[in-house]
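A.B. asks: Could you work out the structure for the sequence below:
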Amino acid sequence: MVIRAKIIWAAVSVICLVTITGIIYTGSRKILSLPFRQTNDLLHKNDFPLTLDFLIPAGFYIDEKVTVKEVLYHRLHKPGQKALLFLSKVVESIPVKYRITATTVFYLFWTLLFLVFFRIFTWMRYSTALILSFLLGAVVYFFMPDFIMGKIDDGVFLAWGLTLFGLRWLKKRKSISAAKR
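C.D. replies: All right, here's what the predicted structure looks like:
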């Protein structure tokens, strides 16, 4: 009976997860496809406390056909940033092997900071602290500016941290199931 209850609970959990994810995905697609001007005017008309005015980028004309997704895209992707252009020119002048080395050192620096924090302020074992440090170092590195323009290095470091975390979880799960037998 216990095994059936666990299987049913797992199936219900997966179905709920898929349902909630589908609702969020469908709802966000619907919201992003709404016409921006009409939606913002309706929010103003009903005195809603949050309007879409903060999304309007400077110098962007919004006609009747522009959707919320297009306005959000123009707001988040500012094409003419002088600092980004200057930084990209400086970074391109550095040889690739030095950029890769600097990127790896930068990632390992964040990993070391998390490792020191976990070992000083918690009772974690070294292996657990190291694996969690790799994962959290990758998350912090993902949001920081770096020497390699693009998301490939961010994805590699995140994949490395998630792989170590997943292997640790599988090992722990196997040892728990072996202990129960």
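A.B. asks: Which helix or strand in this protein has the lowest average pLDDT?
C.D. replies: Ranking every helix and strand in the chain by mean pLDDT, DSSP states H and E puts helix 82-92 at the bottom, with a mean of 72.
A.B. asks: Name the residues that touch it?
C.D. replies: 99, 145, 147-149 (Cβ atoms under 8 Å, 6 or more residues apart in numbering). Placement of C-beta: from N, CA and C, glycine included.
A.B. asks: tell me the two of the residues you listed that are most distant?
C.D. replies: Taking Cβ to Cβ, the two most distant members of the contacts of helix 82-92 are Arg99 and Pro145; they sit 12.8 Å apart.
A.B. asks: Comparing the two, which shows the higher neighbour count?
C.D. replies: Taking neighbours as other Cβ atoms under 10 Å, Arg99 and Pro145 compare with Arg99 leading, 17 against 9.
A.B. asks: Flag the shaky bits of the protein, pLDDT-wise.
C.D. replies: 1, 78-84, 149 (pLDDT under 70).
A.B. asks: domains of it?
C.D. replies: 2-76, 94-180 (automatic domain parsing).
A.B. asks: Over to the nearest residue to Arg99 once chain neighbours are set aside. Which of the three states is it?
C.D. replies: Leaving aside its sequence neighbours, Arg99 sits nearest to Phe147 (Cβ to Cβ, 6 or more residues apart in numbering; 4.4 Å). When classified by DSSP: H, G, I helix; E, B strand; the rest coil, Phe147 comes out as coil.
A.B. asks: Count the neighbours of Phe147 for me.
C.D. replies: 19.
A.B. asks: Now do the buried residues in the helix or strand that contains Leu132.
C.D. replies: Under the criterion of DSSP states H and E, Leu132 resides in helix 126-143. Buried positions in helix 126-143, judged by neighbour count with 16 or more other Cβ atoms under 10 Å: 129-139, 141-142.
A.B. asks: so where do the helices sit in this structure?
C.D. replies: 2-32, 36-45, 68-76, 82-92, 96-121, 126-143, 152-180 (DSSP state H).
A.B. asks: Please report the distance of the residue lying closest to Ile31 once chain neighbours are set aside from Ser28.
C.D. replies: Among residues not flanking Ile31 along the chain, Val68 sits closest, at 6.4 Å (Cβ to Cβ, 6+ apart). For Val68, the distance to Ser28 equals 10 Å [Cβ to Cβ, to the nearest Å].
A.B. asks: Of these two, which one has the most company?
C.D. replies: Per other Cβ under 10 Å, whichever of Val68 and Ser28 has more neighbours is Val68, with 18 against 11.
A.B. asks: That one: what's it in contact with?
C.D. replies: Taking Cβ under 8 Å, 6+ apart, one finds 31-36, 39, 52, 55 in contact with Val68.
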